[in-house]
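Novice: Fold the following for me, if possible:
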Amino acid sequence: MGYRENDTWDGGCSWRRGETYIVLEAGPDVRGEEHDRRRPGLNHLAFHGGTANQVEALAREAQGHGWSVLFADRHPHAGGPLHYAAYLENGDGFEVELVASA
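Specialist: Have a look, this model is predicted:
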């Protein structure tokens, strides 16, 4: 998707693409021990991932970085028969959706 790791620190990391950046972090004032995407708050982030072939390539590459495919039995149409996407989850329970262009 063109983002490159920019920085890491205890409890967080960031990626940058040009002037755009994404930061994921857990601050010191969190409640509980683990993130749960099914509780109130952030469920997942969705990104345009290019063509269906590009989404598949990104999903394969992501698995080499600790991400796993969610809803594998319904992949790539877990969002419905007209929605082509890869839903991925990392070891901390964060979910991303890589959506293919129509």
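Novice: Tell me the buried residues in stretch 3-17?
Specialist: Residues Trp15 are the ones in stretch 3-17 that count as buried (16 or more other C-beta atoms under 10 Å). C-betas here are computed from N, CA, C, even on glycine.
Novice: Let's see the distance spanning that stretch from one end to the other.
Specialist: Start-to-end span of stretch 3-17 (C-alpha to C-alpha, to the nearest Å) is 5 Å.
Novice: just for this protein, where's the confidence low?
Specialist: Residue ranges of the chain with pLDDT under 70: 27, 30.
Novice: residue contacts, the closest residue to Ala85 other than its chain neighbours?
Specialist: Excluding the flanking residues, the one nearest Ala85 by C-beta to C-beta, 6 or more residues apart in numbering is Val99, at 4.6 Å. Listed by C-beta atoms under 8 Å, 6 or more residues apart in numbering, the contact set of Val99 reads Ala46, Phe47, His48, Gly49, Val55, His83, Tyr84, Ala85.
Novice: swap the cut-off to 7 Å and go again
Specialist: Counting by C-beta atoms under 7 Å, 6 or more residues apart in numbering, Val99 touches Ala46, Phe47, His48, Gly49, Ala85.
Novice: Could you say which helix or strand holds it?
Specialist: Per DSSP states H and E, Val99 falls inside strand 95-100.
Novice: How far does that strand sit from its chain's centre?
Specialist: 6 Å (C-alpha atoms, centre = their mean, to the nearest Å).
Novice: Now list the buried members of the contacts of Val99.
Specialist: By neighbour count, with 16+ other C-beta under 10 Å, the contacts of Val99 hold Gly49, Ala85 as buried.
Novice: Among the contacts of Val99, which lie within helices?
Specialist: Using DSSP state H, no member of the contacts of Val99 sits in helices.
Novice: Any chance of a markdown table for the contacts of Val99, columns distance to Ala26?
Specialist: Below are these laid out as a markdown table (distance: C-beta to C-beta, whole Å):
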| residue | distance to Ala26 |
| --- | --- |
| Ala46 | 21 |
| Phe47 | 21 |
| His48 | 26 |
| Gly49 | 26 |
| Ala85 | 26 |
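Novice: I'd like to know which of the contacts of Val99 is nearest to Glu5.
Specialist: Nearest to Glu5 among those, counting by C-beta to C-beta, is Phe47 at 15.8 Å.
Novice: Fine, thanks again, bye for now.
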